[in-house]
Every structure is written in C-alpha cells, then in structure tokens.
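Peer 1: What follows is a predicted structure for the sequence shown.
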Amino acid sequence: MGFGDLKTPAGLQVLNDYLADKSYIEGYVPSQADVAVFEAISGPPPADLCHALRWYNHIKSYEKEKASLPGVKKSLGKYGPVSVADTTGSGAADAKDDDDIDLFGSDDEEESEDAKRLREERLAQYESKKAKKPAVVAKSSILLDVKPWDDETDMTKLEECVRSIQADGLVWGSSKLVPVGYGIKKLQIQCVVEDDKVGTDMLEEQITAFEDYVQSMDVAAFNKI
Amino acid sequence: MAAAAELRLLEKSLGLKPGNKYSAQGERQVPVLQTNNGPSLMGLSTIATHLVKEANKEHLLGSTAEEKALVQQWLEFRITRVDGHSSKEDTQTLLKDLNSYLEDKVYLAGHNTTLADILLYYGLHRFIVDLTVQEKEKYLNVSRWFCHIQHYPDIRQHLSSVVFIKNRLYANSH
C-alpha cells in the first residue's frame, strides 16, 4: 500500500486518482489518516490535480483541530491503494532537505508518565481489536464479450488465449459462443475478480493484446458479489 | 417525493419530534406549514430554515456570511432548477453544472455539511438512483459527493442506498 513518494509528481498523481471518488483517505469523516497524508505533502498540489487539491484545501481548514480528529495515526505506507509500492522508507534521505512549513507542527510537550502509559495501553487494545476483525474482500462478477476479426478466426484458440491470463484475484468461469451475425460468433466468458487486485482496464489490455485473434473486448455485465 | 414527506425526513434528521401539519397549496403544490402560533409558513426553503432554527442547529445554515449566502443560493437552486424541470436534457445539464461546481469542493457550502447538502441530496435522489454506471462515472464529482452524503444514516433514513462501483469501467471518459 501507499502513495509512493508524495513529494514527487508521481506520488501526487496516485493520491489524485485515489481521491477522485472519495472525500477522505479513509471513511466519511476527516481522520488521522488524512492528517498523516497531509503532513507528507510538501505543499498544495498543482491545479491540474483537482481532486488532490480539493482534498488538500479541505483538510487545511481542519488545521486547528488536527489532534482531536478520530482514528489512530499509522505509518504513511499503510494508507492508499494496495497496488502502489511503499517507498516511504527510501525517502528518509530526502526528508532531511525538507524545510517547508509544517502546518500541523506543534511544539513538543512533556507528557506525563501516566498519560503515556494509558495511551499506549489503549493503542495496544485498539490494535488487537483491529487485528481480530477479518478484512472483507470486495469481489465482482464480470461477464466479458470478446470479439474476433472474422468468421474464420479459431474461437477455440481465442478462448485458450483469454483463459491463459492469470492473476492473483482472478478466476475464470464458464463461457459460450454467441452468434453476432454473418457467421461471426463472439466469446462470452465469465470471471470473478477481487476489486483491489484486478480491474477491467487490466483485463482489457491483456485480452486485446492477442491481436491475431481479438478485435475488441466489452464488459457485458458487472455485478458486485 | 412529495414536499411534506421530505420535510418530515428533514424533521427526523434534525432530531425534532414529528407532529407538524403540512398541506400543499396552488398549482405547483407549494408546501405549507401550519404553526401553533402566528401565520403559517409557505415554501420549502422557508419551512426548512425554520425547522433548522427550531432544532437549534444553525450551523447547518452556514458559519460565515459567505457560507450563509451560499446555502440560501443552493436552496433557491433546489427549488428552481431541481424541482422545476422534467426533461432528460435538463437533468443532464443540471448534473453537468453540479459536477463542475463540486470539482474543488467536498461540500456545497464551506467545509461542513449544511442544509444545502441535505436538501440537494433529497432532491437529486430520484435522478441519481436511475443513472447508469457510465453516467455515474461521467459525473464523478457528483457521485463522490452523493455517495458521501448518503453515508450519514440520519440523513438517508429510508431512502434507498445508491450503489457506486469502486472499479472504473469507463476509464477514458474522465
């Protein structure tokens, strides 16, 4: 997980894509997840990354309340899309050169021993409770239409090519040939995917890469399981 | 949905006890609230504002002067543009305009939920519920905002939850 290095344009792009359909990093209220990611950014994102900029301006308005936002702050690598590699560790050297204003920075305050012990105790409780809860895997059932070039294309070979695509979180199901017209048939094939691991973009790229057999591919049906 | 039913939803979300009597008046079925004392109130935004103040939740009307003005503008928008049309083209225009507006905002007015978000959610629900997957992705900012608001259970109550698919199906359209 992670956004990559959020001080680089590539990292900000990942953040922008992640926030395209979300208001916050986690859940539906601002939380410590947003604070952690906000602190990792060196300044406002550029205007063309409109989703990241919208989020940044919104979280900035919570500057005074950052300590009281709900949730537990985790390391940066624990937030964001699963498919992006965590590079926060390797960014440590660059962090030394960073002298941007830290909007959420505050003077260190001496913490009493009791308060410290109590906080760590609660953190441990929360962490163990969190670990017990199994993660719910979001899955979808997708029906794909794969179209050949003409009526002479070997449909058996085409299906073999499609089924040869293997990925973690992808399971192929039943298939059939559906007449389209003029003797041409298309392959209709079912598959079950884990949403966080496999997307229709990836499937389309890999299926249409078989240029000898596949003319185009469509998503005929997409159902959440 | 009927204005009276919506105002009862609003009452519930504000934590007010039910018991107000609503009627509708005129050709456009303008809602009327008969109060216990004084004259009756007419119009959706008038009654809604009154209910918010009665519930002591004036932060829903905006925190600053600009936010207050924006909330009033969106209530007006709700009555004139959301309720005041019927054709498919009007719906598309409406969603397109709203999508542009929400590109750089989490909420309609300011940085918190306001009455504008609540009433726009109620008003748009019948349109959003009928959108295709492609249309939901075309109006990505509206979808993000709507999905966000519908996760407040005291706002949504019995209205159906609209499904927004996580994976992008039409990647080139945005």
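Peer 2: Perfect, thanks for sending it.

Peer 1: Now name the helix or strand holding the most centrally placed residue in chain B.
Peer 2: Centre of chain B computed as the mean C-alpha position; nearest residue by Cα atoms, centre = their mean is B:Leu120, 1.7 Å away. Using DSSP states H and E, the element containing B:Leu120 is helix B:115-128.

Peer 1: Next, the residues that contact that helix from outside, please.
Peer 2: B:1, B:6, B:9-10, B:13, B:44-45, B:48-49, B:52, B:60-61, B:70-71, B:74-75, B:77-78, B:82-83, B:91, B:94-95, B:107-109, B:136, B:142-143, B:145-146, B:149-150, B:155-156, B:159-160, B:162 (Cβ atoms under 8 Å, 6 or more residues apart in numbering or on different chains). Bear in mind the C-beta positions are built from the backbone N, C-alpha and C, glycine included.

Peer 1: Among those, which ones are in helices?
Peer 2: Counting by DSSP state H, the contacts of helix B:115-128 place B:6, B:9-10, B:13, B:44-45, B:48-49, B:52, B:70-71, B:74-75, B:77, B:91, B:94-95, B:136, B:142-143, B:145-146, B:149, B:155-156 in helices.

Peer 1: quick one: low-confidence ranges for chain B?
Peer 2: Across chain B, the ranges flagged by pLDDT under 70 are B:1, B:85-86, B:171-174.

Peer 1: Which secondary structure state does the spatially closest residue to A:Ser175 that is not a sequence neighbour sit in?
Peer 2: Closest residue to A:Ser175 apart from its sequence neighbours, by Cβ to Cβ, 6 or more residues apart in numbering or on different chains: A:Ile189 at 3.9 Å. On the three-state scheme (DSSP: H, G, I helix; E, B strand; the rest coil), A:Ile189 is labelled strand.

Peer 1: hey, what's A:Ile189 bridged with?
Peer 2: A:Leu144, A:Ser175 (DSSP bridges).

Peer 1: What is the burial count for it?
Peer 2: 23 (other Cβ atoms under 10 Å in any protein chain shown).

Peer 1: need the residues of chain A near chain B, please.
Peer 2: A:20-23, A:28, A:50, A:53-55, A:57-58, A:61-62, A:138, A:140, A:195, A:199-201, A:219, A:222, A:224 (Cβ under 8 Å from any Cβ of the partner chain).

Peer 1: Which PyMOL command selects the buried ones in those?
Peer 2: Here is the PyMOL command that picks out the buried ones among the residues of chain A next to chain B, judged by 16 or more other Cβ atoms under 10 Å in any protein chain shown:
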select buried, chain A and resi 20+21+22+23+50+53+54+55+58+62+140+195+199+200+222
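
Peer 1: so where does A:Ala221 fall, helix or strand?
Peer 2: Going by DSSP H and E, A:Ala221 is in strand A:214-224.

Peer 1: If you drop the residues flanking it in sequence, what lies closest to the residue of chain A positioned farthest from its centre?
Peer 2: In chain A, the greatest distance from the average C-alpha position (Cα atoms, centre = their mean) is reached by A:Tyr182, at 42.6 Å. Spatial nearest neighbour of A:Tyr182, excluding adjacent residues (Cβ to Cβ, 6+ apart): A:Asp151 at 6.7 Å.

Peer 1: so that neighbour, which of the three states?
Peer 2: coil.

Peer 1: Thought A:Ile184 was touching it, still the case?
Peer 2: Yes - using Cβ atoms under 8 Å, A:Asp151 is in contact with A:Ile184, at 4.8 Å.

Peer 1: Looking only at neighbour counts, state which of the two leads.
Peer 2: Neighbour count, other Cβ under 10 Å: between A:Asp151 and A:Ile184, A:Ile184 has more, with 16 against 12.

Peer 1: and that one, what does it touch?
Peer 2: Counting by Cβ under 8 Å, 6+ apart, A:Ile184 has contacts A:147-148, A:150-151.

Peer 1: ok, residues contacting the top helix by length along chain A?
Peer 2: When secondary structure is assigned using DSSP H, the longest helix within chain A turns out to be helix A:113-132. Contacting residues not belonging to helix A:113-132 are listed as A:Val72 [Cβ under 8 Å, 6+ apart].

Peer 1: List the buried residues of that helix.
Peer 2: Going by 16+ other Cβ under 10 Å, helix A:113-132 has no buried residues at all.

Peer 1: sorry, back to before: could you dump the helix holding B:Leu120 to CSV, C-alpha only?
Peer 2: Below are the C-alpha coordinates for helix B:115-128, written out as CSV (Å, rounded to 0.1, in the frame of the first residue of the first chain):
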residue,chain,number,x,y,z
LEU,B,115,-28.8,22.3,4.8
ALA,B,116,-27.9,22.8,1.2
ASP,B,117,-26.3,19.3,1.1
ILE,B,118,-29.3,17.7,2.8
LEU,B,119,-32.0,19.2,0.6
LEU,B,120,-29.9,18.7,-2.6
TYR,B,121,-29.5,15.1,-1.6
TYR,B,122,-33.2,14.6,-1.1
GLY,B,123,-34.0,16.5,-4.4
LEU,B,124,-31.5,14.6,-6.5
HIS,B,125,-32.1,11.1,-5.1
ARG,B,126,-34.7,10.3,-7.7
PHE,B,127,-32.3,11.2,-10.6
ILE,B,128,-29.1,9.6,-9.2
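
Peer 1: Show me where chain A has its strands.
Peer 2: When assigned using DSSP state E, the strands of chain A occupy the ranges A:139-148, A:170-181, A:184-194, A:214-224.

Peer 1: Keeping just the C-alphas, turn stretch B:57-71 into CSV.
Peer 2: Extracted C-alpha coordinates of stretch B:57-71, given in CSV (Å, rounded to 0.1, in the frame of the first residue of the first chain):
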residue,chain,number,x,y,z
LYS,B,57,-28.7,23.7,14.6
GLU,B,58,-28.0,27.0,13.0
HIS,B,59,-24.5,25.8,11.9
LEU,B,60,-26.4,24.0,9.2
LEU,B,61,-27.2,27.4,7.7
GLY,B,62,-23.5,28.3,7.4
SER,B,63,-20.8,29.6,9.7
THR,B,64,-19.8,32.8,7.8
ALA,B,65,-21.7,35.4,5.9
GLU,B,66,-20.5,33.9,2.6
GLU,B,67,-21.5,30.4,3.6
LYS,B,68,-24.9,31.6,4.7
ALA,B,69,-25.4,33.3,1.3
LEU,B,70,-24.2,30.1,-0.5
VAL,B,71,-26.7,28.0,1.5
